[in-house]
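Enquirer: heads up, no residue letters with this:
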């Protein structure tokens with residue numbers, strides 16, 4: 001990966017972080033949460049694809065990365081379920 005690509009990815013991560021921070025400050029409500037979660041998902045995808053190099057990895061590594069991501073979603077869903085049923 002060249003320095004130019006690394007810099008552009010880093011810049012896009014900073015822009016997504018800035019968008020998330022601005023939304024938290026100025027836009028309360030459900031729309032803010034949806035956009036913030038979308039920004040977080042985009043940040044995670046950029047990190048996994050470019051910095052972890054999953055785009056050129058073997059199939060088994062991609063399967064394990066997807067399994068880890070699904071496990072994280074499962075844990076978050078269980079936590080939300082537990083909090084919402086109190």
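Expert: Alright, I've got the coordinates. Model, not experiment: these values are computed from the prediction.
Enquirer: tell me how far the lowest-mean-pLDDT helix or strand in the chain is from the chain's mean position?
Expert: The weakest-scoring helix or strand in the chain, judged by mean pLDDT, DSSP states H and E, is helix 30-46 (a mean of 86). On the basis of CA atoms, centre = their mean, to the nearest Å, helix 30-46 sits 7 Å off its chain's mean C-alpha point.
Enquirer: Now do that helix: which elements does it pack against?
Expert: In terms of contacts (3 or more CB pairs under 8 Å, 6 or more residues apart in numbering; DSSP states H and E), helix 30-46 is packed against helix 3-26. Heads up, the C-betas are built off the backbone N, CA and C, glycines and all.
Enquirer: Distance from the helix it packs on to the middle of the chain?
Expert: With CA atoms, centre = their mean, you get 12 Å for helix 3-26.
Enquirer: what is the mean pLDDT for that helix?
Expert: The predicted model gives helix 3-26 an average pLDDT of 91.
Enquirer: got the buried residues for that helix?
Expert: 9, 13, 16, 20, 23 (16 or more other CB atoms under 10 Å).
Enquirer: go on, stretch 48-67?
Expert: So, applying 16+ other CB under 10 Å, buried residues of stretch 48-67: 48, 50, 54.
Enquirer: Excluding covalently adjacent residues, which one is nearest to the first one?
Expert: It stands for residue 48. residue 54 (5.3 Å; CB to CB, 6 or more residues apart in numbering).
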